[in-house]
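Chemist: Predicted model follows, preceded by the sequence.
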Amino acid sequence: MTKADIIERVYEKVGGFSKKEAAEIVEAVFQVMKQSLASNEKIKISGFGNFVVRQKKERMGRNPQTGQPIVIAPRYVLNFKPSQVLKNALNTKSQP
């Protein structure tokens, strides 16, 4: 699913908005989420899950082509943990 697909579904679900307004709303939500995560804030969406930024420390790794040890720099990673409601919804849908 792309951002355009999300905008289309928001437009269809929520009446009273033009497609342009639906796009602005979706973009605003994503912008707020980006800013919050960049500020190291946790995002908790009830019934959906949690987005958390974690810091990974510097560590040793290996170049897979040469086998040479290399230092992997410290970095930030984004973790998502789905809520129990979302897990249940995924596991109760009809399986192919």
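Modeler: Yep, that arrived.
Chemist: just checking, residue 85 touches residue 47?
Modeler: Yes. Using C-beta atoms under 8 Å as the test, residue 85 is close enough to residue 47 to be in contact (4.5 Å). For glycine as for every other residue, the C-beta is placed from the backbone atoms N, C-alpha and C.
Chemist: which of those two has more neighbours?
Modeler: A side-by-side neighbour count of residue 85 and residue 47, using other C-beta atoms under 10 Å, places residue 85 first with 12 against 9.
Chemist: tell me which element that one falls in.
Modeler: Assigned by DSSP states H and E, residue 85 belongs to helix 84-92.
Chemist: now stretch 44-58: mean pLDDT?
Modeler: For stretch 44-58, mean pLDDT rounds to 96.
Chemist: For that stretch, buried residues please.
Modeler: 49, 51, 52, 53 (16 or more other C-beta atoms under 10 Å).
Chemist: ok, those vs residue 37, which is closest?
Modeler: residue 53 (5.4 Å; C-beta to C-beta).
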